[in-house]
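Participant: Structure of the sequence below:
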Amino acid sequence: MTEQLGGAVALPVAMEISVVIASRPDVPPEEELRTAVAADRLGYRDLWVGEGFVWDAFALATAAGRATERIALTVGPIPVSVRDPASIARGAASTAALVGRPVGVALGTSSVRVVERMHGRSRKRAVTTMAESAQALRALFRGEVADFAGETVSTHGYRLRLDPPGGPITLAAFGDRAIAVAAAHADRMVLDLVSPEQVRHYRAKLDTAARQVGRPAPRLAAWLPAAVDPGPEARTQVLQSLVGYLEVAGYGEMFAAAGLGEAVQMAEVGATRDELVAAIPSAAADRIGLVGDLASVRERLAAYADAGLDEVALVPATAGDPGGERTLSALAACAPR
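Facilitator: As a prediction, this is how the structure comes out:
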């Protein structure tokens, strides 16, 4: 639970605050390393490096690690229908060896747009592929010879030549089957673009699934757009980041539950990006994210903590705030040290 200290909202020490780069295609590429350096300098503990349309995630993670001094790295979510466990483990171990600190990975099922249209791979049985990838990857992360034969994933006779990367294995999930997989195989589960009310819902599902398999529940994280004292450019950038998810399976239902049903319907019938941005009320950024003045954002952080979130991963707006420096500086005091 949160407490009031001197009129300010104090967050639970247990709730981590981390930073995300390379999560959205509309962020200028040069901003990613600027954000990474700022996050490290300000004392954030973990940097997520997304896998998307712009950067190869392991290449950017290596560059970010070499440009920073202390911050731990998590690469992904990596689409499991595109990268196999051996290549994921090798990439993580390579980055860890080159930067000299632990590297974790996040796995996800991604989307039809990425897996089938961009890469030309099948996304069938993606949750099964994620479950089997996590199991094979766990052996590789222990430095063992992989010997795994599943229904969609197999790997035999390979062991990392470099030291294991040393970081956690995270799974991106929000469907019931994926949550069950995370409960069984993940160190951490990550959500994206959720309200506190939705966090409470997913926290309960994750805890129940973990009890059913007899494991402690993985930590629960969420990527959230963040902008402290945003100008019009930053608010527009946050709204643009929502648009790309309106027609992604699963997210449409989440957005509709958050009051964006009209925009979801428009996306389904092929509305343009500009039309969708115009259709999303500015207040949507306040419902699904951390946008506003510092007091409002701190209250939102407290609401996420009360809902059961263990980690907020900030996706800072950079429009009008190079590298998200203003937002990261304002929220650094909220992060545990």
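Participant: The residue positioned nearest the centre of the chain: what's it in contact with?
Facilitator: For the chain, the residue nearest the mean C-alpha position is W223 (4.6 Å; C-alpha atoms, centre = their mean). By C-beta atoms under 8 Å, 6 or more residues apart in numbering, the contact set of W223 is V20, S23, W48, V190, L191, D192, L193, A313, V315. C-betas here are computed from N, CA, C, even on glycine.
Participant: Please indicate which of those residues are buried?
Facilitator: Using 16 or more other C-beta atoms under 10 Å as the burial test, the contacts of W223 include V20, S23, W48, V190, L191, D192, L193, A313, V315 as buried.
Participant: between those residues, which is nearest D293?
Facilitator: Taking C-beta to C-beta as the measure, D293 sits nearest to V315 out of the buried ones among the contacts of W223, at 18.5 Å.
Participant: Give the phi and psi angles for that closest one, as a check.
Facilitator: phi -110, psi 90 (degrees, to the nearest 10).
Participant: just P225 next, same as before
Facilitator: Phi and psi for P225, reported as degrees, to the nearest 10, are phi -60, psi 140.
Participant: Please apply the same query to T109.
Facilitator: In terms of degrees, to the nearest 10, the main-chain angles of T109 are phi -90, psi -10.
Participant: of all the buried ones among the contacts of W223, which two lie farthest apart?
Facilitator: Between any two of the buried ones among the contacts of W223, the greatest separation by C-beta to C-beta is 14.2 Å, found for W48 and L193.
Participant: before we move on, back to that, bridging residues for the residue nearest to the centre of the chain?
Facilitator: W223 has these beta-bridge partners by DSSP bridges: D192, A313.
Participant: Could you report the separation of it from R121?
Facilitator: 24 Å (C-beta to C-beta, to the nearest Å).
Participant: go on, R142?
Facilitator: R142 is 28 Å from R121, where distance means C-beta to C-beta.
Participant: do the same with D187
Facilitator: Taking C-beta to C-beta, one finds D187 at 26 Å from R121.
Participant: for R101, same thing?
Facilitator: R101 sits 32 Å away from R121, going by C-beta to C-beta.
Participant: Same check on G261?
Facilitator: Distance from G261 to R121, by C-beta to C-beta: 31 Å.
Participant: And for V228?
Facilitator: Separation of V228 from R121 (C-beta to C-beta) stands at 39 Å.
Participant: For these two, indicate the residue with more neighbours.
Facilitator: Neighbour count, other C-beta atoms under 10 Å: between V228 and R121, V228 has more, with 25 against 14.
Participant: For the residue nearest to L191 when sequence neighbours are not counted, give me the pLDDT.
Facilitator: In space, L191 comes closest to A222 once its chain neighbours are excluded; the distance is 4.3 Å by C-beta to C-beta, 6 or more residues apart in numbering. pLDDT recorded at A222 is 97.
Participant: these two touch, right, Q240 and A278?
Facilitator: No - in this structure, Q240 is not within contact of A278 by C-beta atoms under 8 Å, at 11.1 Å.
Participant: Can you pick out the residue with more neighbours from the two?
Facilitator: Taking other C-beta under 10 Å, Q240 and A278 do not tie; Q240 has more neighbours (21 against 13).
Participant: Wasn't that one part of a helix?
Facilitator: Yes - per DSSP: H, G, I helix; E, B strand; the rest coil, Q240 lies within a helix segment.
Participant: Can you tell me the closest non-neighbouring residue to S110?
Facilitator: Excluding its sequence neighbours, the residue lying closest to S110 (C-beta to C-beta, 6+ apart) is P79, at 3.5 Å.
Participant: Now do the strands in the stretch 1-150 of the chain.
Facilitator: 3-5, 8-10, 16-21, 46-49, 72-79, 103-108, 146-149 (DSSP state E, counting those that start in this stretch).
Participant: Next: the stretch 201-337 of the chain.
Facilitator: Applying DSSP E, counting those that start in this stretch to the stretch 201-337 of the chain gives strands spanning 219-228, 290-292, 311-316.
Participant: Might you list the low-confidence residue ranges for the stretch 201-337 of the chain?
Facilitator: 247, 249-250, 258, 336-337 (pLDDT under 70).
Participant: One more pass at 80, please.
Facilitator: Residue ranges of the stretch 201-337 of the chain with pLDDT under 80: 244-260, 281-288, 335-337.
Participant: Please enumerate the helices of it.
Facilitator: Counting by DSSP state H, counting those that start in this stretch, one finds helices in the stretch 201-337 of the chain at the ranges 232-243, 251-257, 261-268, 273-279, 284-287, 294-306, 325-332.
Participant: Could you dump the strands of the stretch 201-337 of the chain into a markdown table and include distance to A303?
Facilitator: Listed next are the strands of the stretch 201-337 of the chain as a markdown table, based on distance: least, C-beta to C-beta, whole Å:
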| stretch | distance to A303 |
| --- | --- |
| strand 219-228 | 11 |
| strand 290-292 | 10 |
| strand 311-316 | 11 |
